[in-house]
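S.K.: The amino acid sequence is not available; the structure is as follows:
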């Protein structure tokens, strides 16, 4: 929890301005908080496909809603100690460019990644104006077999953050059923509640801007987007993404950041 609070306080406490000024090296270092160390027995978990059957509330013109929700799930898992998150999508892309010799100068090195044991896949289906559901399944990487699955009921038209938190909660529930989730008391109550997240649309738009920039390794734009998003005190995923961006900007590898 100290990691998350430090990142968030750096955003709101004036360590780095979120306007047009470039951050100094010292300001970047103030945002680079270490990833939490997974607890003993934490399973190596990666995020796979998020399928949306029907529209959700998501900013237009940034990244696709399915990618945005998947990356919100990633940001939600990065801060946890009861799972060992494995970066899969970015790592595979970075490894491919390194093998082909076409790695952009701004792209961090891929690094060395542990093998994921389980992959989170999710399908969201709008059912009524008042209610929808997201089906979450955990698939074993080595066999492709479904290790477990659950359904989380959500509001009829959830925003991306609400949907992503529902997916994280579903994945954790399945890990609990499989007896593969170490005991860890999450200090953020909202992380255990699949109800409406309460993050402002403006903050979600800022997050989408940050994500779009990070996809292109534009670190200052990514920092500004995530930092503005993290000004919303309910948006702990933005603080997690901001700390990751700082780690990558300061020389981290994609696998370890």
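M.R.: Good, I have the coordinates. Note that the structure is predicted; figures quoted are calculated from it, not measured. Numbers count the residues shown, from 1 in each chain.

S.K.: Check the gap between the most centrally placed residue in the chain and residue 148 for me.
M.R.: Note on the chain: the residue nearest the mean C-alpha position is residue 75, at 2.0 Å, using C-alpha atoms, centre = their mean. Noted for residue 75: a distance of 23 Å to residue 148, by C-beta to C-beta, to the nearest Å. The way it works is simple: take the backbone N, C-alpha and C, and place the C-beta from them, glycine included.

S.K.: How about residue 122?
M.R.: 13 Å.

S.K.: same deal with residue 142?
M.R.: The value you get for residue 142 to residue 148, if C-beta to C-beta is used, is 15 Å.

S.K.: Residue 65 too?
M.R.: Residue 65 is 26 Å from residue 148, by C-beta to C-beta.

S.K.: One more: residue 253?
M.R.: 31 Å.

S.K.: sorry, back to before: checking my notes, the residue nearest to the centre of the chain in a helix, right?
M.R.: Yes - counting by DSSP: H, G, I helix; E, B strand; the rest coil, one finds residue 75 located in a helix.

S.K.: Now it: closest residue in space that isn't a chain neighbour?
M.R.: Distance criterion C-beta to C-beta, 6 or more residues apart in numbering; nearest residue to residue 75, sequence neighbours excluded, is residue 237 at 3.8 Å.

S.K.: ok, that neighbour - how many residues close by?
M.R.: 32 (other C-beta atoms under 10 Å).

S.K.: same question, residue 104
M.R.: The burial count for residue 104: 10, using other C-beta under 10 Å.
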